[in-house]
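1. just the structure for this:
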Amino acid sequence: MKITLAHSPDADDAFMFYGLATGKIDTEGVTIVHELRDIQTLNEWAREGKYEITAISWHAYPEIQDKYAPLVTGGSFGEKDYGPMIVKRADRPFFKDGVIGVPGTKTTAFLLLRLWYPDVEYKVIPFDKIPQAVVSGEVDAGLLIHEGQLFYKELGLEEVVNFGKWWYDQYQMTLPLGGNIVRRDLSQELQKKIAKWLQQSFEYSLAHRAQALDHALQFARDLPTAKADQFVGMYVNERTIDMGDEGKKAVQLILDLGYKQKIISQKAHLDWIES
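-> A predicted model of the protein is given here:
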């Protein structure tokens, strides 16, 4: 049997799935094929039910919850001092009614932006092009995800708001950003096995950090090793293995807030799959 695992071509995802990608995890005769795409594309493809397992922004989940069930393992969280952020040029003031470059309207970062400022004017730009769009003046500010959070100061940009800090100040909880989901047409037995294999992969990577980081560097988009290690450490940790009750509550909270503010059209029902 062959199933596809879709995730983003980023250093943190590459690190997480190192064990699976290199055959270190026994998948009991099931072949797992890795499909790498940016998160906005994965959010769109999940609406079609394209792959058996996929990474997704939590913002996108309610619309496809009839096709997929959420996994307690593989979650990406921002802690109290980091997460997606809005940046601007240091030599220009920030106005909320300016145009903000965003990486996609189904990213959780965009949901946070809408919660922070519902009437935002925005322009969708590929996530890795946003910093330069701010520098050039194409947009007045930019919503940064991924490693853009680590090098924006080098481009003469400065932070306006860090949503990891903002969320923690508001709710005293970790900030849920993305997770892994599994298609509902798979048997419950296979869904649980998938959860187990993914969990084992994350545990293996954390236990063999140097090797997993070396594997992840090929997806680090020219980040120096120290920066790539910092980025991986931000988003791959014990909470990735199992988000626990706090993680589950945080996912439910952000989706409930989005529904209450009419940013999300359907209420989320999270029936978690565990190994």
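
2. would you point out which residue is most central in this structure?
-> Computing the C-alpha centroid of the chain and ranking residues by Cα atoms, centre = their mean puts Gly178 first, at 3.6 Å.

3. might you report the residue contacts of that residue?
-> By Cβ atoms under 8 Å, 6 or more residues apart in numbering, the residues touching Gly178 are 39, 55-58, 75-76, 108. C-beta: built from backbone N, CA, C; applies to glycine.

4. max pairwise distance over those residues: which two?
-> Ile39 and Gly75 (13.8 Å; Cβ to Cβ).

5. and the average pLDDT for the top helix by length along the chain is what?
-> Looking across the chain with DSSP state H, the single longest helix is helix 188-207. Across helix 188-207, pLDDT averages out at 96.

6. helix or strand right after that helix?
-> helix 209-216 (DSSP states H and E).

7. what angle do that next one and helix 188-207 make?
-> 110 degrees (axes from the mean of the first three to the mean of the last three Cα atoms, to 10 degrees).

8. burial measure for Glu274, as a count.
-> If you count neighbours by other Cβ atoms under 10 Å, Glu274 ends up with 12.

9. assumed the residue nearest to the centre of the chain was part of a strand.
-> Yes: according to DSSP: H, G, I helix; E, B strand; the rest coil, Gly178 belongs to a strand.

10. so what's the residue count around the residue nearest to it when sequence neighbours are not counted?
-> Distances taken as Cβ to Cβ, 6 or more residues apart in numbering put Ser76 closest to Gly178, at 4.4 Å, once the chain neighbours are dropped. A total of 27 residues lie near Ser76 under the criterion other Cβ under 10 Å.

11. for Ser76, give its distance to Ile39.
-> As judged by Cβ to Cβ, to the nearest Å, Ser76 and Ile39 stand 10 Å apart.

12. just how off-centre is stretch 42-62 within its chain?
-> The gap between where stretch 42-62 is centred and where its chain is centred comes out at 12 Å by Cα atoms, centre = their mean, to the nearest Å.

13. can you give me the helices in the stretch 101-250 of the chain?
-> Under the criterion DSSP state H, counting those that start in this stretch, helices of the stretch 101-250 of the chain are mapped to 108-116, 130-136, 148-151, 163-171, 188-207, 209-216, 225-235, 238-241, 244-260.

14. would you indicate which residues of the second one are buried?
-> The reference is to helix 130-136. 130-131, 133-135 (16 or more other Cβ atoms under 10 Å).
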